[in-house]
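> When you get a sec, could you give me coordinates for this:
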Amino acid sequence: MDRSSRLGTEELKMTREQYILATQQNNLPRAENPQLYPVGIYGWRKRCLYFFVLLLLVTMIVNLAMTIWILKVMNFTVDGMGNLRVTKKGIRLEGISEFLLPLYVKEIHSRKDSPLVFQSDRNVTVNARNELGQLTGQLTVGADAIEAQCKRFEVRASRDGRVLFAADEDEITIGAHRLKVTGTEGAVFGHSVETPHIRAEPSQDLKLESPTRSLIMEAPRGVQVHAAAGDFKATCRKELHLQSTEGEIFLNADAIRLGNLPVGISSPSPPGSPPRPNVYELCVCPSGKLYLSPAGAGSTCQTSSGVCLWS
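Model prediction:
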């Protein structure tokens, strides 16, 4: 027992001495310099990082400068930009504005002291559509003509809204008090014209002419031709008809003259008789033709009736 106790005590001392020795060796300074490993980005990676940071900074500065320049050039404000102003009543454009795409608005009006001008290099077209998108009316202002396509076209007076001009497929209505034609050739009508009154300008002549056809004036209650301060002339190439079916033709004037009437040839006067005066008798043929016959003591129409043979 004593021997075994001694062996255990010795082993314990040896273990303790080994522990102390190992601990003392760890606390001793090392003779060799340890190898250090740096932490971070170095070399070409560091140069690339600095380059990208500098490029990003330059891009931000250029972007900020361009944004400030655009804001200044376009005149951005709280109310709008440039000539465009946003108000409570809508959008207001000042100056000349150009639209490259279709414009859809409910109402367009100008200022009180300036007109509204639509200008285009080709033409200006205004379309009206129904709820289904179908075209119901179109107004085109071009370089050669103004075209309007609709069921009915009306021009109204600005004061009372009275219709001055209206046109549809059936008729054209002119509601003005007076229709004035100022052309040198007058007005040309291809078909009949219905009007209650035709009058020329003061101190101007009124002329109704049909160059190649006949001119017919009809009225259910009569046709009245009145020239207050001038002459009335009716000229035709072939025949002039004055016809009254239920009444009479009344010519009321201080002097009624019938020029270029043929003169009938009567029997010569016997020798030694006094010359007949230049007095003629007005004669009528059965056909209605008028001719003159030298006046005598009695009627000489029978003796000079040879004119009626050629009528």
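> Quick check: residue 52 vs residue 62, distance?
Per Cβ to Cβ, to the nearest Å, residue 52 is found 16 Å from residue 62. In this view, the C-beta of every residue, glycine as well, is placed from N, C-alpha and C.
> After the lengthiest helix in the chain, which helix or strand is next? Please name it.
Across the chain, the longest stretch assigned as helix under DSSP state H is helix 44-73. Sequence order places strand 80-81 as the next helix or strand after helix 44-73, per DSSP states H and E.
> Number of residues surrounding the closest residue to residue 208 other than its chain neighbours?
Distances taken as Cβ to Cβ, 6 or more residues apart in numbering place residue 215 nearest to residue 208, at 6.1 Å, with adjacent residues excluded. For residue 215, the count of nearby residues is 10 (other Cβ atoms under 10 Å).
> Am I right that residue 215 is in contact with residue 223?
No: using Cβ atoms under 8 Å, residue 215 is not in contact with residue 223; the gap is 11.7 Å.
> who touches both of those two?
Shared contacts of residue 215 and residue 223 (Cβ atoms under 8 Å, 6 or more residues apart in numbering): none.
> Tell me where the model's unsure across the stretch 201-311 of the chain.
Counting by pLDDT under 70, the stretch 201-311 of the chain has low-confidence residues at 266-277, 305, 311.
> what ranges do the strands span in it?
Using DSSP state E, counting those that start in this stretch, the strands of the stretch 201-311 of the chain run over residues 280-284, 290-294.
> Any chance of these in TSV with mean neighbour count as columns?
Listed next are the strands of the stretch 201-311 of the chain as TSV, based on neighbours: other Cβ atoms under 10 Å:
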stretch	mean neighbour count
strand 280-284	15
strand 290-294	19
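> Of those, which is nearest residue 80?
Set against residue 80 and scored by Cβ to Cβ, those come closest in strand 290-294, at 88.6 Å.
> so that closest one versus strand 280-284, what angle?
Strand 290-294 runs at 140 degrees relative to strand 280-284, counting by axes from the mean of the first three to the mean of the last three Cα atoms, to 10 degrees.
> follow-up on the earlier one: the longest helix of the chain: which residues count as buried?
Neighbour counts using 16 or more other Cβ atoms under 10 Å place no residue of helix 44-73 among the buried ones.
> Show me what the mean pLDDT comes to for it.
Averaging pLDDT along helix 44-73 yields 91.
> gap between that helix and the chain center?
Distance, stretch centre to chain centre, for helix 44-73: 53 Å (Cα atoms, centre = their mean, to the nearest Å).
> doesn't residue 242 make contact with residue 249?
Yes: here residue 249 reaches residue 242: they are 5.3 Å apart, a contact under Cβ under 8 Å.
> Tell me which residue is most central in the chain.
The centre of the chain sits closest to residue 141, judged by Cα atoms, centre = their mean, with a distance of 3.6 Å.
> Return the distance of that one relative to residue 154.
Between residue 141 and residue 154 the distance, using Cβ to Cβ, works out to 18 Å.
> do residue 234 as well
Taking Cβ to Cβ, one finds residue 234 at 39 Å from residue 154.
> again with residue 294
68 Å.
> repeat for residue 126
Taken as Cβ to Cβ, the span from residue 126 to residue 154 is 16 Å.
> dump the residue contacts of residue 186.
With Cβ under 8 Å, 6+ apart, residue 186 has these contacts: residue 207.
> re earlier: would you report the backbone torsion angles of the residue nearest to the centre of the chain?
When read as degrees, to the nearest 10, the backbone of residue 141 gives phi -110, psi 110.
> hang on, it packs against residue 117?
No: contact criterion Cβ under 8 Å: residue 141 and residue 117 do not qualify, at 11.7 Å.
> Pull out the buried residues from stretch 95-106.
So for stretch 95-106, nothing qualifies as buried (16+ other Cβ under 10 Å).
> Convert the C-alpha atoms of it to PDB, please.
This file holds the C-alpha atoms of stretch 95-106, laid out as PDB (Å, rounded to 0.1, in the frame of the first residue of the first chain):
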ATOM      1  CA  GLY A  95     -48.500  82.300 -78.200                       C
ATOM      2  CA  ILE A  96     -48.100  79.800 -81.100                       C
ATOM      3  CA  SER A  97     -48.600  76.200 -80.300                       C
ATOM      4  CA  GLU A  98     -48.000  73.200 -82.500                       C
ATOM      5  CA  PHE A  99     -49.700  69.800 -82.100                       C
ATOM      6  CA  LEU A 100     -48.100  66.800 -83.900                       C
ATOM      7  CA  LEU A 101     -50.800  64.300 -82.800                       C
ATOM      8  CA  PRO A 102     -54.600  64.500 -82.600                       C
ATOM      9  CA  LEU A 103     -56.100  66.900 -80.000                       C
ATOM     10  CA  TYR A 104     -59.200  65.900 -78.100                       C
ATOM     11  CA  VAL A 105     -60.900  68.700 -76.200                       C
ATOM     12  CA  LYS A 106     -64.400  69.800 -75.300                       C
END
